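Colleague: Here's a sequence, model it:
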Amino acid sequence: MNNFMDMFDRPIAFHRALVEMTGGVKPALMLGQLIYWSKRTKDTDGWVYKTQKEWEEETGLTRREQDTARKLLKERGIIQEKLAKSPARIHYRINPEYAQKRQTSLHKSAKPVCTKAPNSLYTKITTENTTTVATKSQVAKVEWTREILSQKVKI
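Modeller: Got it, this is the predicted structure:
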């Protein structure tokens, strides 16, 4: 039983919001992992080195799936690659210009929906005459999340 549980000791995050941005589940998975490692790299310019084998161990993506995901991410301007060191190795980073553009567009579109105290109750009556009770802050979070996820990526 312990060996079985140990297999699940290193989960990776999957961010559903990245699927539309990247063009698919596999590039979203790869980008999510690159975001994770970008925050932990010692390289001041954000470059991360990962072998094909490491990508496969971490994400489960085969070499061909990695190649396709990388191609989509590069075509959309989301990531950059470079060959560095000797022997030459592929290094990856999130395109700083793309990241800045996305951050700016998210800040411009983020509008507070609720400005009242979060503990007051909000009642919504549906067309079926049922009542749902939630705090205004819960409703605001749901509406803000829906707004962000419904935006189309402009590259």
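Colleague: ok, and for stretch 86-104, which residues are buried?
Modeller: Within stretch 86-104, the residues that count as buried by 16 or more other C-beta atoms under 10 Å are His91, Tyr92, Arg93, Ile94, Asn95, Tyr98, Arg102. All C-beta spots, glycine's among them, are computed from the backbone N, C-alpha and C.
Colleague: so can I have JSON lines of those residues showing pLDDT, secondary structure and distance to Ile78?
Modeller: JSON lines is the format used below for these (pLDDT from 0 to 100; DSSP: H, G, I helix; E, B strand; the rest coil; distance: C-beta to C-beta, whole Å):
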{"residue": "His91", "pLDDT": "97", "secondary structure": "strand", "distance to Ile78": "15"}
{"residue": "Tyr92", "pLDDT": "97", "secondary structure": "strand", "distance to Ile78": "10"}
{"residue": "Arg93", "pLDDT": "97", "secondary structure": "strand", "distance to Ile78": "10"}
{"residue": "Ile94", "pLDDT": "97", "secondary structure": "strand", "distance to Ile78": "7"}
{"residue": "Asn95", "pLDDT": "96", "secondary structure": "coil", "distance to Ile78": "6"}
{"residue": "Tyr98", "pLDDT": "94", "secondary structure": "helix", "distance to Ile78": "5"}
{"residue": "Arg102", "pLDDT": "85", "secondary structure": "helix", "distance to Ile78": "9"}
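Colleague: Specify which member of those is nearest to Asp6.
Modeller: Tyr92 (28.7 Å; C-beta to C-beta).
Colleague: Now do the contacts for the residue nearest to that closest one when sequence neighbours are not counted.
Modeller: Once flanking residues are discounted, Tyr92 sits nearest to Val48: 5.2 Å by C-beta to C-beta, 6 or more residues apart in numbering. Applying C-beta atoms under 8 Å, 6 or more residues apart in numbering, we find Val48 in contact with Leu34, Trp37, Ser38, Thr41, His91, Tyr92, Arg93.
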